[in-house]
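*Asks:* Build me a structure from this.
(2 chains)
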Protein chains: 2
Amino acid sequence: MRRTLLTVSYDGTNYAGWQRQQNAVSVQQVLEEALGKLLNREVSTIGGGRTDAGVHALGQKALIREPIDIFIPTEKLPAAVNAYLPQDIRVLGAETVTPDFHPLRRPARKTYIYKIFNAPVMPPVYRLYAAFERRGLDVLAMMKAAVFFVGTHDFRGFSSTGTEVQTTVRDIYALDVVKTKDMISITASGNGFLYNMVRIIAGTLLYVGLGKINADDIPEIIKSGDRNRAGKTMPAHGLILHEIEYIF
Amino acid sequence: MRRTLLTVSYDGTNYAGWQRQQNAVSVQQVLEEALGKLLNREVSTIGGGRTDAGVHALGQKALIREPIDIFIPTEKLPAAVNAYLPQDIRVLGAETVTPDFHPLRRPARKTYIYKIFNAPVMPPVYRLYAAFERRGLDVLAMMKAAVFFVGTHDFRGFSSTGTEVQTTVRDIYALDVVKTKDMISITASGNGFLYNMVRIIAGTLLYVGLGKINADDIPEIIKSGDRNRAGKTMPAHGLILHEIEYIF
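*Replies:* Take a look at the predicted model:
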């Protein structure tokens, strides 16, 4: 009897997000159905993080809830499940975890990457995986602003309403802005993120890049807790859940 | 009266290649129709390079054949045409060229990039823009092999039949193999490439990486002119026409 944790990667373009829901196809549902066919029984999973409709994942985690006496060795499980999955969802890895492991309660470092393509026109090969901004951006100002987000802060001004949370305090371990040719990558690592938080931080950095928000005002904007003082919520398709690392 | 050269970028996934043809939708046809709607007349174009079905382009060139008295300034043309184009084709730029300019006869440096994702499983976000190889590859051997392609050679063993050409001799200016995490990028620059040549070179480098072909045998394989001694033709979707630079 093993408890198995999967690493799952997906193209979120055609899904209503990670979380199983009524009246729309989610990644979790398709994964559970594939696992169900493989193991010939009902399977349910717990994800490591909810990703919204259109958001991608390189390293989502999914715990198979039921301790199953799987006849397939753990290391062979990814290839076996992938045979039942569509091309836009892949299980990249599988590992055995202790019976008390819970993907949402275990301390973790989560890393998201938000991409903004910044040029007068967007080449189509990037359109599904990056937001687009035609106006020139002051990337140095964005880098300067990013530093103020690092640390333990109450991020209630950087979240959308919709999910009940016990606290809006989060630790951001790193927030890096990198520009490679015309692509700006905003990498955010932390112990967790509020609903839409990465997309709002990206939108706030965009506003800094546009000169709508002054980089030096970021500490004051965070402190205010006022959603209206932060930037816009950036579109889903520019976001990818890059990695979840558990502190086992 | 101006002659206008466009820089065109496209996602080749849903097209039967660049070249206009019967019974299938090509990029050229869609571009010409968009230009036709914008200029309210029939427009024909000459491409800078033929890309096959499924091949992408970042910097394809397209000459508008007719010298038209365009009422739109050249620098505003991209945005104007883009309003008539689907999301998977974009005009990135436009420039005025001399009346004798011909995109296929003018000396040019063409650069293609072939991408191979090399890991046990392919994350879905890469699947439309990179080939996939699960087996481990000896990238250093691939780098070593690549050097032998550089220079002026008769590449008849590295082409598929299908297009009549006056000569199968081509100059390769650079052939670089770079690995970033699990993604191998093969960048090929030259004065021109034969039909399927970049995909066959990529397939030959893949075979070197797999140990099926010895890097030191490449000069002899090129010299033999024998298609059967080269590697396989890699799939179209891993290839992108990166840039065409004219020596004006």
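
*Asks:* Buried residues in stretch A:144-164, which are they?
*Replies:* Counting neighbours by 16 or more other Cβ atoms under 10 Å in any protein chain shown, one finds that the buried residues in stretch A:144-164 are A:144-146, A:148-150, A:153, A:155-159. All C-beta spots, glycine's among them, are computed from the backbone N, C-alpha and C.

*Asks:* The residues you listed in helices, which ones?
*Replies:* If you go by DSSP state H, the buried residues of stretch A:144-164 have A:144-146 in helices.

*Asks:* export the residues you listed to JSON lines and tack on distance to B:Gln60?
*Replies:* Converted to JSON lines, those look like this (distance: Cβ to Cβ, whole Å):
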{"residue": "A:Lys144", "distance to B:Gln60": "38"}
{"residue": "A:Ala145", "distance to B:Gln60": "37"}
{"residue": "A:Ala146", "distance to B:Gln60": "36"}
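
*Asks:* Out of the residues you listed, which is nearest to A:Ser44?
*Replies:* Set against A:Ser44, the nearest of those by Cβ to Cβ is A:Ala146 (38.0 Å).

*Asks:* which parts of chain A sit against chain B?
*Replies:* Within reach of chain B by Cβ under 8 Å from any Cβ of the partner chain, chain A has these residues: A:9-11, A:56, A:58, A:78-79, A:82, A:87-93, A:120-125, A:127, A:129, A:240.

*Asks:* A helix includes A:Thr13, no?
*Replies:* Yes: counting by DSSP: H, G, I helix; E, B strand; the rest coil, A:Thr13 is part of a helix.

*Asks:* what's the burial count for it?
*Replies:* 16 (other Cβ atoms under 10 Å in any protein chain shown).

*Asks:* Likewise for A:Thr74?
*Replies:* A count of neighbours around A:Thr74, defined by other Cβ under 10 Å, yields 15.

*Asks:* Then A:Leu104?
*Replies:* If we define neighbours as other Cβ under 10 Å, then A:Leu104 has 13 of them.

*Asks:* tell me the contacts of it?
*Replies:* A:46-48 (Cβ atoms under 8 Å, 6 or more residues apart in numbering or on different chains).

*Asks:* before we move on, what about A:Leu205?
*Replies:* The contact partners of A:Leu205, taken as Cβ under 8 Å, 6+ apart, are A:142, A:145-146, A:177, A:186, A:231.

*Asks:* residues near A:Ile222, how many?
*Replies:* A:Ile222 has 22 nearby residues by other Cβ under 10 Å.

*Asks:* That one contacts A:Phe149, correct?
*Replies:* Yes: judged on Cβ atoms under 8 Å, A:Ile222 makes contact with A:Phe149 at a distance of 7.2 Å.

*Asks:* can you pull out the strands in chain A?
*Replies:* Secondary structure of chain A (DSSP state E): strands at A:3-10, A:45-47, A:56-64, A:89-97, A:108-118, A:131-133, A:151-154, A:169-180, A:183-190, A:239-246.

*Asks:* by how many degrees do the fifth one and strand A:169-180 diverge?
*Replies:* Here the directions of strand A:108-118 and strand A:169-180 differ by 40 degrees (axes from the mean of the first three to the mean of the last three Cα atoms, to 10 degrees).

*Asks:* angle of strand A:108-118 against strand A:183-190?
*Replies:* Relative orientation of strand A:108-118 versus strand A:183-190 (the same axes, to 10 degrees): 160 degrees.

*Asks:* And the average pLDDT for strand A:108-118 is what?
*Replies:* For strand A:108-118, mean pLDDT is 98.

*Asks:* who does it touch, helix- and strand-wise?
*Replies:* Applying 3 or more Cβ pairs under 8 Å, 6 or more residues apart in numbering or on different chains; DSSP states H and E, one finds that strand A:108-118 contacts strand A:131-133, strand A:183-190, helix A:197-210, strand A:239-246.

*Asks:* TSV for those, including distance to B:Val25?
*Replies:* What follows is the helices and strands packed on strand A:108-118, written out as TSV (distance: least, Cβ to Cβ, whole Å):
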stretch	distance to B:Val25
strand A:131-133	25
strand A:183-190	29
helix A:197-210	35
strand A:239-246	31
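
*Asks:* just to revisit the earlier point, most widely separated two among the contacts of A:Leu205?
*Replies:* Using Cβ to Cβ, the pair of the contacts of A:Leu205 lying farthest apart is A:Val177 and A:Gly231, separated by 13.7 Å.

*Asks:* which of those two has more neighbours?
*Replies:* Just comparing A:Val177 and A:Gly231: by other Cβ under 10 Å the higher neighbour count belongs to A:Val177, 24 against 21.

*Asks:* is it true that the more buried one touches A:Ala141?
*Replies:* No: applying Cβ under 8 Å as the test, A:Val177 and A:Ala141 come out as separate, 9.6 Å apart.

*Asks:* And the residue lying farthest from the centre of chain A, how far from B:Gly225?
*Replies:* Using Cα atoms, centre = their mean, the residue of chain A lying farthest from its centre is A:Phe71. It sits 31.9 Å away. Plainly put, A:Phe71 is 53 Å away from B:Gly225 if you go by Cβ to Cβ, to the nearest Å.

*Asks:* Enumerate every residue touching the spatially closest residue to A:Lys212 that is not a sequence neighbour.
*Replies:* With sequence-adjacent residues excluded and distances taken as Cβ to Cβ, 6 or more residues apart in numbering or on different chains, A:Lys212 is closest to A:Gly231, at 7.6 Å. Residues near A:Gly231 by Cβ under 8 Å, 6+ apart: A:200, A:202-208, A:212-213.

*Asks:* ok, now A:Met197?
*Replies:* A:155, A:158-159, A:170 are the contacts of A:Met197 under Cβ under 8 Å, 6+ apart.

*Asks:* From A:Ile222, how far out is it?
*Replies:* On the measure of Cβ to Cβ, A:Met197 and A:Ile222 end up 12 Å apart.

*Asks:* now do A:Arg199
*Replies:* Distance from A:Arg199 to A:Ile222, by Cβ to Cβ: 16 Å.

*Asks:* Make a markdown table from the contacts of A:Leu104 and add pLDDT and neighbour count to it.
*Replies:* Output for those, formatted as a markdown table (pLDDT from 0 to 100; neighbours: other Cβ atoms under 10 Å in any protein chain shown):
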| residue | pLDDT | neighbour count |
| --- | --- | --- |
| A:Ile46 | 96 | 16 |
| A:Gly47 | 97 | 25 |
| A:Gly48 | 96 | 28 |
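
*Asks:* returning to that earlier point: between the contacts of A:Leu205, which is nearest B:Ala24?
*Replies:* Of those, the one sitting nearest to B:Ala24 (Cβ to Cβ) turns out to be A:Ile186, at 40.0 Å.
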